[in-house]
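> Build me a model:
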Amino acid sequence: MKYKTLFNQRKALRFRQFTRKGYALFACLGRVVTIGVLSVATLRSAAVTTTDTLSVAGATVVSDSIADSPDKEATLDDVEVTGSRAPLALGQAARMVTVLSREDIQAAPVQSINDLLKMAVGVDVRQRGPIGAQTDIGIRGSTSEQITILLNGINICDPQTGHNAFDLPCDVSDIERIEVLEGPAGRVYGTSSLVGAINIVSLSPNPSPSREGSIVSLSPNPSPSREGSKAQARIEGGSFGYLSAAGRISMPSAISHLTSSLSASFTRSDGYQRSKAGALNSDYCGGKAFYQGAYGSEQVRLNWHVGLSTKGFGSNTFYSAKYDEQYEKTTKIYTALQGDVRCKMYEGRGKSYELHFKPSIYWNRSYDRFELIRGDESKVPFNHHRTDVFGINLNSYFDWVAGRTAFGAEFRNEDIVSGNLGEPLNNPHGHYKYGLNRSNLSFHLEHNILLKRFTLSAGFVAVKNTWNEMPFTLYPGIDASFRLGDHWKVYASYNSSLRMPSFTELYYSVGGHKADKYLKPEEMQAVEGGVKYSSRWLTAQASIFHHHARNMIDWVMDTRETVWQSVNHTKVNTFGQEISVQGSWSRIKGQIAYCHLHQSKDERAYLQSQYSLEYLRHKVTAQMTVQVTEKLEAMIGYRYQDRMGSYTDTQGTVKDYHPYSVLDGKVTWKEENFALYVEGNNLTSHRYVDYGNVPQPGAWVTAGVKISLY
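Numbering: from 1, shown residues only. This is a model prediction of the structure:
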């Protein structure tokens with residue numbers, strides 16, 4: 001929220017009712033607005049002082065005491081997003097961030113967070129197995145290794161491999177929103193955000209708190225006694241023996257300013273196919289548990305989480321077409337503590353300037369067991385891996401007359417012990433005979449100029465990694481946007497980034513693979529420009545971008561040798577365009593988007609790629625939600641994908657990927673305390689291959705009920 005001296009005072013507008021939509025009238029007036037009547041259910045237990053803001057369904061709302069001030073102007077804007085080091089409102093951000101809102105999530109016919117991301121046109125979701133069994137997710141032609149995955153702003157990337165990056169501890173019903181930052185984000189997220197980042201923001205432990213970026217921001221004096229407890233439950237079942245149950249409870253506390261919540265879920269399925277021997281090879285069974293808490297006072301705000309994700313799934317032909325009864329079991333533990341400490345700097349022109357210290361500390365542990373022949377270790381030993389990631393991050397920012405400045409540092413240590421990855425251990429134990437440890441140290445500086453119509457964000461990150469004796473290297477970036485009139489906004493950016501090789505890329509040299517432990521870090525430079533139009537009924541956006549990358553890492557096979565090798569491609573150039581249009585009229589809300597990519601690289605006829613030479617050249621997404629009656633809602637979604645590249649089938653024949661279309665739908669009946677729904681995926685039952693030798697299921701139908709108790 002930004003305030004400026006009001007030289008030509010205009011009469012304040014007072015609304016007795018308001019809509020929660022981001023495109024609502026008061027969100028684009030650029031005038032002083034006061035809310036006359038607010039729902040108790042919406043702002044329950046909110047104690048607002050003269051400097052407080054509340055985030056209400058994507059709009060930042062200022063209290064009456066601020067709006068009535070004769071020398072302040074407040075512009076109501078969207079929720080703050082993490083497109084820069086310093087938190088900025090979505091409308092202020094110089095860089096475009098795609099946000100999947102809570103409303104989008106609830107309406108979508110999906111069973112996992114992975115499925116939700118298919119709605120983002122610039123995101124490539126390659127499912128090896130449904131229900132989130134294993135999904136490779138890229139952005140703008142990237143591989144799954146080249147993006148940063150965050151949970152409430154905490155980096156949860158697994159340095160062993162990107163295949164299991166989305167083993168999240170929270171259920172779909174726990175998600176408040178998903179932020180997708182497309183393009184290099186090195187100065188914002190560090191060493192793993194080569195081509196973008198995805199931030200999963202969970203629901204607040206208490207319905208009344210607001211959020212600043214990814215940190216829970218509680219009002220100074222919450223009243224637990226008035227809030228009481230809130231519980232939610234979901235159960236659904238459907239095709240292929242699918243069954244899923246989940247529950248969430250917000251727990252009241254006798255301690256002032258303290259709130260917490262606990263959620264858990266269980267999912268299983270028989271799978272949609274069997275091996276040649278008749279055994280299940282795409283079955284799934286897994287559970288999640290997620291606890292989070294928050295404490296807030298006027299000067300200190302904290303939030304923390306502890307999560308667990310465990311699952312086992314049939315991997316049929318995920319890694320080798322020769323073996324169709326592969327199996328994998330993964331377990332992940334997530335912990336994090338985040339804070340926001342405010343220190344008063346000075347007062348000037350009637351405004352108090354504060355320095356925000358936002359430290360965080362986290363530890364994540366991952367276990368991975370892979371069985372090439374399910375349940376049989378006599379011929380091929382199982383692969384065992386344990387990864388530990390420990391990190392300390394300090395992000396600080398302050399406002400002053402020249403804008404908003406952010407600075408800080410991060411230390412991240414990545415450690416693995418394994419049966420086949422790394423250097424020989426001095427003291428082998430159990431399944432672990434090899435290991436590797438590396439540390440990453442980075443410093444960042446960013447300045448934001450925030451004017452009424454112009455925003456400029458510029459900065460850099462300096463990175464040093466102990467692996468391969470990497471020296472300190474600087475990666476700069478700059479984003480700018482300018483608002484034209486009341487509806488148009490143009491923006492442009494230049495950003496650079498890097499990505500360290502995963503442990504698998506460095507050391508996996510078994511089963512027909514040969515890794516190179518001397519791989520260089522991937523590096524990228526990118527430019528982008530675009531325009532956005534926003535009005536009460538319509539939002540449209542178009543962008544054009546160019547990525548220039550060097551030392552891109554991929555597994556390639558010379559078909560004359562039949563050995564997969566990890567290599568650095570010398571150069572990869574990506575040119576692309578995106579366009580999207582979304583609107584809302586009365587009871588209908590819809591959107592359509594298109595992304596086109598073209599990659600150029602040195603390709604040889606006999607060279608087959610496993611990842612980076614395969615990208616979505618064309619992707620079209622479309623969704624429409626209709627409020628049929630006050631209680632009945634229907635949603636239909638369409639997706640068209642045309643992938644470049646090829647794969648070798650079980651007969652040894654090289655095949656090209658073919659374009660395909662998928663149609664999904666969902667119908668929901670909503671009552672005050674419960675909702676009934678039926679949803680279907682791939683309604684036309686089109687059988688397609690989006691990952692070599694892993695056919696996707698036909699029509700998948702589920703039905704369920706959600707219950708809320710207050």
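> C-alpha from now on. contacts and neighbour counts both.
Fine.
> Which residues does stretch 529-539 contact?
Here stretch 529-539 makes contact (C-alpha atoms under 8 Å, 6 or more residues apart in numbering) with 23-25, 28, 487-493, 540-545, 581-585.
> Quick check on those residues: which are buried?
23, 28, 488-493, 540-545, 581-584 (16 or more other C-alpha atoms under 10 Å).
> Just the ones of those residues in strands?
488-493, 540-545, 581-584 (DSSP state E).
> Relative to Ile131, which of those residues is nearest.
For these, the residue nearest Ile131 by C-alpha to C-alpha is Gln582; the value is 27.7 Å.
> residues contacting the closest one?
Leu538, Thr539, Ala540, Lys589, Gly590, Gln591, Ile592.
> Distance check, the closest residue to it other than its chain neighbours against Asp167.
Leaving aside its sequence neighbours, Gln582 sits nearest to Gln591 (C-alpha to C-alpha, 6 or more residues apart in numbering; 3.9 Å). Separation of Gln591 from Asp167 (C-alpha to C-alpha, to the nearest Å) stands at 29 Å.
> Give the residue from these two that has the larger number of neighbours.
Asp167 (25 against 18; other C-alpha atoms under 10 Å).
> does the more buried one sit in a helix, a strand or a coil?
coil (DSSP: H, G, I helix; E, B strand; the rest coil).
> tell me the contacts of the closest residue in space to Thr668 that isn't next to it in sequence?
Of all residues not flanking Thr668 in the chain, Tyr677 sits nearest, at 4.2 Å (C-alpha to C-alpha, 6+ apart). Contacts for Tyr677 (C-alpha under 8 Å, 6+ apart) come out as Lys666, Val667, Thr668, Trp669, Ala703, Gly704, Val705.
> For Gln106, give me the backbone phi and psi.
Backbone torsions for Gln106, taken as degrees, to the nearest 10, come to phi -70, psi -30.
> neighbours around it, how many?
14.
> What separation is there between it and Ser112?
Taking C-alpha to C-alpha, one finds Gln106 at 12 Å from Ser112.
> what do you get for Tyr189?
From Tyr189 over to Ser112 (counting by C-alpha to C-alpha), the distance is 24 Å.
> which residues are in contact with the helix or strand where Ser263 lies?
Per DSSP states H and E, Ser263 falls inside strand 258-269. Contact with strand 258-269 is made by 170-171, 174, 205-206, 224, 240-253, 283-296, as judged by C-alpha under 8 Å, 6+ apart.
> Pairing partners for the helix or strand Phe357 falls within, with directions?
Assigned by DSSP H and E, Phe357 belongs to strand 351-371. Its sheet considered, strand 351-371 pairs with strand 326-348 (antiparallel), strand 383-400 (antiparallel) by DSSP bridges.
> Who is the residue nearest to Gln582 paired with across the strands?
Beta-bridge partners of Gln591, as defined by DSSP bridges: Gln582, Gln623.
> Pull up the pairing partners for the helix or strand hosting Arg639, direction included.
Arg639 is part of strand 632-643, with elements assigned from DSSP H and E. Using DSSP bridges, the strands paired with strand 632-643 are strand 616-627 (antiparallel), strand 660-670 (antiparallel).
> now those in CSV, with distance to Thr259, mean neighbour count and mean pLDDT?
Formatted as CSV, these follow (distance: least, C-alpha to C-alpha, whole Å; neighbours: other C-alpha atoms under 10 Å; pLDDT from 0 to 100):
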stretch, distance to Thr259, mean neighbour count, mean pLDDT
strand 616-627, 34, 20, 96
strand 660-670, 28, 19, 96
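> how about TSV for those strands, with distance to Phe503 added?
Formatted as TSV, the strands paired with strand 632-643 follow (distance: least, C-alpha to C-alpha, whole Å):
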stretch	distance to Phe503
strand 616-627	26
strand 660-670	34
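> rewinding a little: pull out the buried positions in the strand holding Arg639.
Applying 16+ other C-alpha under 10 Å to strand 632-643 flags Leu632, Glu633, Ala634, Met635, Ile636, Gly637, Tyr638, Arg639, Gln641, Asp642, Arg643 as buried.
> how much space between the residue nearest to the second one when sequence neighbours are not counted and Thr668?
In this structure, Glu633 finds its nearest non-sequential neighbour in Gln627, 4.6 Å apart by C-alpha to C-alpha, 6+ apart. According to C-alpha to C-alpha, Gln627 and Thr668 sit 10 Å apart.
> residues bridging contact with these two, i.e. touching both?
Common neighbours of Gln627 and Thr668 (C-alpha under 8 Å, 6+ apart) are Glu633, Ala634.
> which residues in this protein form helices?
64-67, 102-107, 113-116, 186-189, 224-227, 503-507 (DSSP state H).
> can those go into CSV with extra columns for mean pLDDT and distance to Lys276?
Listed next are the helices of the chain as CSV, based on pLDDT from 0 to 100; distance: least, C-alpha to C-alpha, whole Å:
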stretch, mean pLDDT, distance to Lys276
helix 64-67, 31, 69
helix 102-107, 87, 38
helix 113-116, 87, 28
helix 186-189, 87, 45
helix 224-227, 35, 56
helix 503-507, 93, 29
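> Columns distance to Leu88 on top of those helices, output as a markdown table?
Converted to a markdown table, these look like this (distance: least, C-alpha to C-alpha, whole Å):
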| stretch | distance to Leu88 |
| --- | --- |
| helix 64-67 | 19 |
| helix 102-107 | 20 |
| helix 113-116 | 24 |
| helix 186-189 | 13 |
| helix 224-227 | 29 |
| helix 503-507 | 35 |
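> Tell me which of those helices sits most buried.
helix 186-189 (a mean of 28; mean count of other C-alpha atoms under 10 Å).
> Touching it from outside, list them.
Contacts for helix 186-189 (C-alpha under 8 Å, 6+ apart): 83-85, 148, 155, 192-194, 197, 444, 459-461, 475-477, 495-498.
> Go again with 6 Å.
Ser84, Arg85, Ser193, Phe460, Val461, Ser497 (C-alpha atoms under 6 Å, 6 or more residues apart in numbering).
> Identify the spatial nearest neighbour of the residue nearest the centre of the chain, chain neighbours not counted.
In the chain, the centroid-proximal residue (C-alpha atoms, centre = their mean) is Ile198; its distance is 2.6 Å. Closest residue in space to Ile198, ignoring its immediate chain neighbours: Val180 at 4.7 Å, by C-alpha to C-alpha, 6+ apart.
> do the same with Val701
Gly680 (4.3 Å).
> repeat for Val417
Nearest non-adjacent residue to Val417, counting by C-alpha to C-alpha, 6+ apart: Gly435, 4.2 Å away.
> My read is that that neighbour contacts Asn420, right?
No: if you go by C-alpha atoms under 6 Å, Gly435 and Asn420 don't touch, sitting 8.3 Å apart.
> circling back: let me have the strands paired with strand 351-371 in CSV, extended by mean pLDDT and distance to Thr504.
Below are the strands paired with strand 351-371 laid out as CSV (pLDDT from 0 to 100; distance: least, C-alpha to C-alpha, whole Å):
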stretch, mean pLDDT, distance to Thr504
strand 326-348, 90, 16
strand 383-400, 94, 10
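> Can you lay out these as a markdown table showing distance to Ser509 and mean neighbour count?
Shown next, in a markdown table, are those (distance: least, C-alpha to C-alpha, whole Å; neighbours: other C-alpha atoms under 10 Å):
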| stretch | distance to Ser509 | mean neighbour count |
| --- | --- | --- |
| strand 326-348 | 18 | 19 |
| strand 383-400 | 12 | 20 |
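> In JSON lines: these, plus distance to Thr267.
Formatted as JSON lines, the strands paired with strand 351-371 follow (distance: least, C-alpha to C-alpha, whole Å):
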{"stretch": "strand 326-348", "distance to Thr267": "14"}
{"stretch": "strand 383-400", "distance to Thr267": "24"}
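> Any idea which of those gets closest to Ile416?
strand 383-400 (4.4 Å).
> gap between the closest residue to Glu145 other than its chain neighbours and Asn114?
What sits nearest to Glu145 in space, not counting adjacent residues and going by C-alpha to C-alpha, 6+ apart, is Gly162, at 4.8 Å. In this view, Gly162 and Asn114 are 13 Å apart by C-alpha to C-alpha.
> now stretch 384-397: how far from the chain's centre is it?
17 Å (C-alpha atoms, centre = their mean, to the nearest Å).
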